[in-house]
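1. Fold the following and give me the result.
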Amino acid sequence: MNILITSAGQRVSLVRAFQTQLRSVYPDAKVYTTDMQPQLSAACNVSDGYFQVKRVTDPAYMDELKVFCLENEIKMVVPTIDTELLVLSGHKEAFAKMGIELIVSDEQFTARCRDKRQINDFFTGRGIEIPQPVDKSSLIFPLFIKPFDGSLSADTYLITKQEQLTEEQLNNPRFMFMEYIDRKYYDEYTVDMYYDKTHQVKCIVPRKRMLIRAGEINKGLTCKNIIVPFLKDKLEYIQGAIGCLTLQLFLNRSTERIVAIEINPRFGGGYPLSYQAGANYPLWLINEYFLNQEISYTDGWEDSLLMLRYDDEVLVHGYNS
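-> The predicted model follows:
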């Protein structure tokens, strides 16, 4: 019952969490990884073995992945980056017939998450506020610009006055213009949500993003607050959603207004904080998909757990470039 984590990169903590939980059930099982440059990936070098892969958009990628899985008795594949999700979601059924679970939401919901215009419609349809759109013909400052298909905060702009706007920004069809959510009044959260095979939410862990570095949380805090019952009510069931979803939102400190901005249907870079707090999603995946166990809803994770990240080293002896 081996597991493969794709595009592992720097996700050392995630790999180690899966190793610990998998071996608690299957002592001889292994957690493998893939990357385009696995020799230079810290997570690949702490895994039980790695494979070099082509870019996920390469036509041969899925065939390559299938061979790795079949040759190494891999029964579960866990993707970690946005660009993989749609590709893998389109092959869920084919891999399932080979006894391999791709832990990704279905194609329709994944496509919604990848397009921020569609996920905005999803939020409003569930009664969840989004940043108010700004009409380009009647601009109100400050405003925020982001691409509808972006990730890791790339190509985002805070515009405080007309002179800062460029023609490229105004005319680029990828850009969405919206209300700026001022961090003087709002805290930003990533919420790790676990959905079981029946698409029911089983755990909700808000993590306050206290400091961000390169688009990922560097200092964070688990918070049992109004977000938990709010999302349990609004998002108790999502058709097609499975595994870990990371939802990004803002919470106004005084009014408790909640404004949602996106969902990434995968493990987020800050998930290790939720794991250490007791939200054991790797074990739940193993229990659900390998042992056919039902997962019960729980809020039994540790509140007010602070994570302070720092740089560490993975040393590889005898490396030959």
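2. Strands of the stretch 101-250 of the chain, residue ranges please.
-> Under the criterion DSSP state E, counting those that start in this stretch, the stretch 101-250 of the chain contains strands at 101-102, 143-147, 157-159, 175-179, 186-195, 201-213, 216-222, 243-252.
3. okay, those strands, which one's buried deepest?
-> Compared across the strands of the stretch 101-250 of the chain, strand 101-102 shows the largest average neighbour count, a mean of 24 (mean count of other Cβ atoms under 10 Å). The C-beta positions use only the backbone N, C-alpha and C, and glycine is treated the same way.
4. From Val191, how far off is the residue nearest to Tyr194 when sequence neighbours are not counted?
-> Excluding the flanking residues, the one nearest Tyr194 by Cβ to Cβ, 6 or more residues apart in numbering is Cys203, at 4.3 Å. Relative to Val191, Cys203 is positioned 10 Å away (criterion: Cβ to Cβ, to the nearest Å).
5. need the contact list for Asp233.
-> With contacts defined as Cβ atoms under 8 Å, 6 or more residues apart in numbering, Asp233 has no neighbours.
6. wait, doesn't Phe109 sit right on Gly243?
-> No: Phe109 is beyond contact range of Gly243, at 11.6 Å (criterion: Cβ atoms under 8 Å).
7. which neighbours do the two share?
-> Common neighbours of Phe109 and Gly243 (Cβ under 8 Å, 6+ apart) are Pro265.
8. Which residues are in contact with the nearest residue in space to Ala111 that is not next to it in sequence?
-> Spatially, and ignoring its direct neighbours in sequence, Ala111 is nearest to Leu86 (6.2 Å; Cβ to Cβ, 6+ apart). By Cβ under 8 Å, 6+ apart, the residues touching Leu86 are Glu107, Thr110, Ala111, Arg114.
9. I'd like the distance from the first one to Met36, if you could.
-> The spacing between Glu107 and Met36, counted by Cβ to Cβ, is 24 Å.
10. Between those two, point out the one with more neighbours.
-> Glu107 (18 against 13; other Cβ atoms under 10 Å).
11. for the more buried one, what are its contacts?
-> Glu107 sits next to Leu86, Ser89, Gly90, Lys92, Gly240 when contact means Cβ under 8 Å, 6+ apart.
12. Report the buried members of those.
-> In the contacts of Glu107, burial by neighbour count holds for Ser89, Gly90, Lys92, Gly240, counting by 16 or more other Cβ atoms under 10 Å.
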